[in-house]
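> coordinates only, sequence not included:
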C-alpha cells in the first residue's frame, strides 16, 4: 500500500507579505557603476587618455575625409601635402616632405606624382644635390589650396562647435604642454 502524505494547512494570524512591486516602466533606469575602492593607477588613466586622443583623432579625420571627398572631390592626404607645401614656398625635398607629413617616402611620392600630373605641384632637381628632388606648389596649386584651406577651417570649426571656447583653450593648452613634454615640441609648428 502506498503511503499518501497529507498536507496540513496551518492558519496563522500573521498577514502574508505583499508581492514586490514591479519596477515602474516610466522611471528611467539608473546607470550602474562599479564602486571605486581604490583610485585607478596613473598608468591606467594615461592609457585611457591616449585611447581617447586616438578616438577623437580618428573620428575627426573620418569626418574631414568624407567632407573633402564629397564637397571638394579631393582626399585628406592630398590636402595635407598641399598644406605642407604652402608653408614652404621655396619648396622642400621629398624626404623633408615625408618627415613633415609623418608618412613614408613611398606614400608621399604617390600623392605628389598625382599632384604633378594635375599641374598643382612641380618637381625640380637642385644644382647642389643632383640626387634630391625638390617639390613646390604651382600658381594653380596655391590657388586651389587657398580655397581648400578656407573650407577646411570652416569644417573643423563646425566639428568642434559643441566645445565651449574656454574648454577649447584648455584643451589646446594641455595638448601643447603634452607635445612639449613628449620631446616633439621643438619641431611642432602649431
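Arrived safely, thanks for sending. These numbers were taken from a predicted model, which means no experiment stands behind them.
> helices of the protein, start to end?
Listed in chain order, the helices of the chain (DSSP state H) span 42-72, 76-86, 94-101, 105-117, 139-159, 165-181.
> deepest-packed of those, please.
Of those, the one with the most neighbours on average (mean count of other CB atoms under 10 Å) is helix 76-86, at a mean of 20. The C-beta positions use only the backbone N, C-alpha and C, and glycine is treated the same way.
> which residue is nearest the middle of the protein?
residue 57 (1.0 Å; CA atoms, centre = their mean).
> still on that earlier bit, TSV please, covering the helices of the chain and showing distance to residue 124 and mean pLDDT.
As requested, the helices of the chain are exported to TSV (distance: least, CB to CB, whole Å; pLDDT from 0 to 100):
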stretch	distance to residue 124	mean pLDDT
helix 42-72	27	95
helix 76-86	13	97
helix 94-101	11	94
helix 105-117	11	95
helix 139-159	14	97
helix 165-181	33	93
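> can you say which of these is nearest to residue 123?
Across the helices of the chain, the minimum distance to residue 123, taken as CB to CB, is reached by helix 105-117, at 5.9 Å.
> tell me the angle the closest one makes with helix 139-159.
Calculated by axes from the mean of the first three to the mean of the last three CA atoms, to 10 degrees, helix 105-117 forms an angle of 120 degrees with helix 139-159.
> who touches helix 105-117?
In this structure, residues lying in contact with helix 105-117 by CB atoms under 8 Å, 6 or more residues apart in numbering are 77-78, 81-82, 94-95, 97-98, 101, 121-123, 135, 141.
> just put those in CSV and tack on distance to residue 64.
Formatted as CSV, the contacts of helix 105-117 follow (distance: CB to CB, whole Å):
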residue, distance to residue 64
77, 11
78, 12
81, 15
82, 14
94, 24
95, 26
97, 20
98, 21
101, 15
121, 21
122, 26
123, 27
135, 23
141, 20
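> average pLDDT for stretch 120-137?
The average pLDDT within stretch 120-137 is 92.
> and the end-to-end length of that stretch?
End-to-end distance of stretch 120-137 (CA to CA, to the nearest Å): 6 Å.
> residues contacting the residue lying closest to residue 74 once chain neighbours are set aside?
Computed as CB to CB, 6 or more residues apart in numbering, the closest residue to residue 74 that is not its neighbour in sequence is residue 68, at 5.1 Å. With contact taken as CB under 8 Å, 6+ apart, residue 68 is in contact with 74-76, 79, 148, 152.
> circling back to that earlier point, measure the residue nearest to the centre of the chain to residue 154 for me?
20 Å (CB to CB, to the nearest Å).
> got it, and residue 83?
Residue 83 sits 15 Å away from residue 154, going by CB to CB.
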